[in-house]
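Asker: okay, sequence plus prediction incoming.
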Amino acid sequence: MTSTYSPAHRRRAVRLPSSVNELLPGRNASRQPLLRMAVWMVPALVVGLAGFQRRWMSDDAYIYVRTVRQILAGNGPVFNAGERVESSTGTLWQWLLAAAGLARVDLATAAVYGGLLLTAAGFALAGLGALRLHGNRAVLPLGSLVLLALPPVWDFATSGLETGLATCWIAGAWLALTTRAQSLATSLLLGLGPLVRPDLGIVSVVFLGAQWLLARPSRQGTLAGVAVAGALPGTYEIFRAGYYGHLVPLPAVAKEASQSLWERGLGYLGDFSGPYLLWLPALFIAAAVLPSRGQRTERATAPFGHSSPGRSRLLAALAPVVAGLLCWAYVIKVGGDFMHGRMLLPGMLLMLLPVFVVPVTRASALAAVGVGTWAVVCAGWLRIPYEGQMGPAGIADEHGVYALRNADAHPVHHTFAGAPWHLAHALEVQQAERTGAPTLLLGGHDSMAANSPSVTATYVVLGWNGAVVPLDGAALDPIGLAYPLAAHTQRVDGGRVGHDKHLPAAWLAADRGDAADLPSGLDPAHVNAARHALRCGPLADLQAATRDPLTPGRFLRNLAGSWARTSFRFPSDPVTAERELCRGN
């Protein structure tokens, strides 16, 4: 393949590396093969071992599993048959699991161990990128020690979520940036961020900007690079808007990913940085890096791009740091997350990539000793004060919580043997299914006849609900991760982060229940108001966008209305919603 992402005066064929040795800089790399292999392989092996020792499956990962089961059953990439909802935040991860399912691999096993392998691969790629950055010089580990010491890194090496894929993509994209900045294949890889996770689009933009500065392409090359980078995410965004009627996955709507909750976000950062004393390794790393700024940079044996070697190294080092800081700023802006440390891990990895390993100097050696001492203490003793529980700010030690609730140190296949209330929900669903009659389980209210083919059940633990409700039924949640009606309600003040939407049962009865079979405890006036509001204005459009047959006309209407539909919110109180939505009707 001939690359067009290069200056007009130096167009040439792009040859991808044929071996790992080509990625390791310098003609004399073979003089220290064992040392260099240890630098990039040992962290990968250690994180693989630590992740295996803490292997588990989060409930949110079972949200992916149900969607993949629907794909394999022929119902499309939806959570519930008959309602087009994108409940999977990581698009690529969803389709990788679907590929595993086609190969008849157990989906939970594929999610846990696939994530572990990708995490280990990401650490190996990070080490290779750092070796590439620092040229043919003796190096020692530094940033890798910080990551390896943190319990959240061990926990989310598995979990069944897309974190392992994000780790691998971030490290692989950076390695490509430092190795083949001129290649269109690199542009394609750098552009995949929004498909790994929507917020990683920040990383794509920063890395693509760095690629342009490194390669300095012609106008034609720039256009080609932009087109290649945007081809897959752009095509999928058009599909998303036309198929689902939204511009983002539904969890981003439910969690209000565009709003600002800086104070809560700073609390999330403190919950992560405080228990592990992260300021301490940060000081050691700064002490090692800052003195080297004035030192003469060794000339590269193989340049990053067409800039000078020193400038190229500076750009390649700054790009992940800038991307990481922006990722952290975004996470803090939206209020953080309910899983301890999880959403800050990609940004931390990015900021540590340039110092994953560092050239040997007196300052770096002292810093490595300091960070290494901290790492031993952190790995052995530093822990959050709410291990196995939910903290006072609503942030949870998810791994510990699910280990306790499943009465299993490695809860890959959830049984909730240690959580009888979850077992009671599964039993209720099974009993309703055995009756053979369409049943709506409202949770806290008597059941009623449903307008769906099978069991419809609402439960706040959505992954578990999706595991026990049959595929021809409907597994709903009052938060809105997979239920558009709940996702588009207005946020409840003071709610738990990521769980601050709540759809009252009256809406469920109006939307999914038989009007002639209203259970006691529900206010008929509220149910009637909700039923009327569902036929009015933007709420009626939302229902049609997700439930009408997908004709070409419906696809185009979904596409045209996706911006307004994504931003639409309505009061959760049915009477207030009816008054606002049905004026004049």
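Answerer: Sure, I can see it.
Asker: tell me where the stretch 201-350 of the chain has strands.
Answerer: Applying DSSP state E, counting those that start in this stretch to the stretch 201-350 of the chain gives no strands.
Asker: so in this protein, which helix runs the longest?
Answerer: helix 107-134 (DSSP state H).
Asker: so how far is that one from its chain's centroid?
Answerer: 15 Å (Cα atoms, centre = their mean, to the nearest Å).
Asker: so for that helix, what gets flagged as buried?
Answerer: 107-108, 110-116, 118-134 (16 or more other Cβ atoms under 10 Å). No exception for glycine: its C-beta is placed from N, CA and C like everyone else's.
Asker: who does that helix touch, helix- and strand-wise?
Answerer: helix 20-23, helix 33-53, helix 59-72, helix 91-102, helix 143-149, helix 163-179, helix 309-333, strand 357-359 (3 or more Cβ pairs under 8 Å, 6 or more residues apart in numbering; DSSP states H and E).
Asker: which other residues reach the shortest one?
Answerer: So the one you mean is strand 357-359. 39-40, 127, 130-131, 134, 137-144, 288-289, 292, 364, 367-368 (Cβ atoms under 8 Å, 6 or more residues apart in numbering).
Asker: next helix or strand past that strand?
Answerer: Note on strand 357-359: by DSSP states H and E, the next helix or strand toward the C-terminus is helix 362-380.
Asker: hmm, back to that, the inter-axis angle of the longest helix of the chain versus helix 309-333?
Answerer: Between helix 107-134 and helix 309-333, the angle comes out at 140 degrees (axes from the mean of the first three to the mean of the last three Cα atoms, to 10 degrees).
Asker: report the rounded mean pLDDT for whichever helix or strand comes after helix 107-134.
Answerer: Where DSSP H and E defines the elements, the next helix or strand beyond helix 107-134 is strand 139-141. Over the span of strand 139-141, the pLDDT mean works out to 92.
Asker: where does the prediction get shaky in this protein?
Answerer: The chain contains residues with pLDDT under 70 at 1-34, 36, 292-308, 584-585.
Asker: domain-wise, how is it divided?
Answerer: 20-296+306-380, 420-581 (automatic domain parsing).
Asker: reformat those as CSV; add distance to residue 393.
Answerer: Formatted as CSV, the domains of the chain follow (distance: least, Cβ to Cβ, whole Å):
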stretch, distance to residue 393
domain 20-296+306-380, 6
domain 420-581, 8
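Asker: quick one, which of these gets closest to residue 413.
Answerer: domain 20-296+306-380 (5.5 Å; Cβ to Cβ).
Asker: how distant is that closest one from the center of its chain?
Answerer: 10 Å.
Asker: show me the contacts for residue 164.
Answerer: Applying Cβ under 8 Å, 6+ apart, one finds that residue 164 lies in contact with 114, 115, 116, 117, 118, 119, 122, 156, 157, 158.
Asker: point to the residue nearest the middle of the chain.
Answerer: Geometric centre of the chain, nearest residue: residue 197, 4.6 Å, by Cα atoms, centre = their mean.
Asker: contact partners for that residue?
Answerer: So residue 197 contacts 89, 90, 162, 166, 346 (Cβ under 8 Å, 6+ apart).
Asker: buried residues in stretch 367-387, which are they?
Answerer: Using 16+ other Cβ under 10 Å as the burial criterion, the residues of stretch 367-387 that qualify are 367, 368, 370, 371, 372, 374, 375, 378, 379, 382, 384, 386.
Asker: name the helices or strands packed onto the helix or strand residue 553 falls within?
Answerer: Residue 553 belongs to helix 552-567 when assigned by DSSP H and E. Counting contacts by 3+ Cβ pairs under 8 Å, 6+ apart, helix 552-567 is packed against helix 219-243, helix 537-547.
Asker: turn these into JSON lines, including distance to residue 64 and mean neighbour count.
Answerer: Below are those laid out as JSON lines (distance: least, Cβ to Cβ, whole Å; neighbours: other Cβ atoms under 10 Å):
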{"stretch": "helix 219-243", "distance to residue 64": "16", "mean neighbour count": "17"}
{"stretch": "helix 537-547", "distance to residue 64": "19", "mean neighbour count": "18"}
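Asker: distance to residue 338 added to those helices, as TSV?
Answerer: Below are the helices and strands packed on helix 552-567 laid out as TSV (distance: least, Cβ to Cβ, whole Å):
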stretch	distance to residue 338
helix 219-243	25
helix 537-547	26
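Asker: grab the nearest non-local neighbour of residue 417.
Answerer: Closest residue to residue 417 apart from its sequence neighbours, by Cβ to Cβ, 6 or more residues apart in numbering: residue 407 at 4.3 Å.
Asker: and that neighbour, that's in a strand?
Answerer: No - Residue 407: not assigned to a strand; according to DSSP: H, G, I helix; E, B strand; the rest coil it is coil.
Asker: that one: neighbour count?
Answerer: Neighbourhood size, residue 407 [other Cβ atoms under 10 Å]: 12.
Asker: swap in residue 105?
Answerer: For residue 105, the neighbour count with other Cβ under 10 Å is 15.
Asker: and it, helix, strand or coil?
Answerer: Put simply, residue 105 is coil when judged by three-state DSSP.
Asker: where's residue 576, which helix or strand?
Answerer: Applying DSSP H and E as the criterion places residue 576 in helix 574-581.
Asker: mind listing what's buried in that helix?
Answerer: 574, 575, 577, 578, 581.
Asker: list buried residues within the contacts of strand 357-359.
Answerer: Among the contacts of strand 357-359, those classed as buried by 16+ other Cβ under 10 Å are 39-40, 127, 130-131, 134, 139-144, 288-289, 364, 367-368.
Asker: would you confirm that residue 181 contacts residue 207?
Answerer: No - Residue 181 is beyond contact range of residue 207, at 9.9 Å (criterion: Cβ atoms under 8 Å).
Asker: residue 58: what's it in contact with?
Answerer: Contacts here follow Cβ under 8 Å, 6+ apart; on that basis residue 58 touches 159, 160, 161, 339, 398, 399, 402, 463.
Asker: which residues touch the third one?
Answerer: This points to residue 161. The neighbours of residue 161, taking Cβ under 8 Å, 6+ apart as the test, are 58, 60, 61, 64, 90, 93, 111, 115, 342.
Asker: would you turn those into TSV with distance to residue 263?
Answerer: Output for the contacts of residue 161, formatted as TSV (distance: Cβ to Cβ, whole Å):
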residue	distance to residue 263
58	26
60	25
61	30
64	31
90	28
93	31
111	34
115	32
342	20
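Asker: nearest residue to residue 139 other than its sequence neighbours?
Answerer: Leaving aside its sequence neighbours, residue 139 sits nearest to residue 357 (Cβ to Cβ, 6+ apart; 4.3 Å).
Asker: report the beta-bridge partners for that neighbour.
Answerer: Residue 357 has these beta-bridge partners by DSSP bridges: residue 141.
Asker: and it, how many neighbours?
Answerer: Residue 357 has 29 neighbouring residues, counting by other Cβ under 10 Å.
Asker: now, of the domains of the chain, which is deepest in the fold?
Answerer: By mean neighbour count, with neighbours taken as mean count of other Cβ atoms under 10 Å, domain 20-296+306-380 ranks first of those at a mean of 20.
Asker: so residue 48 sits against residue 121, correct?
Answerer: No - in this structure, residue 48 is not within contact of residue 121 by Cβ under 8 Å, at 9.3 Å.
Asker: what do the two both touch?
Answerer: Counting by Cβ under 8 Å, 6+ apart, nothing touches both residue 48 and residue 121.
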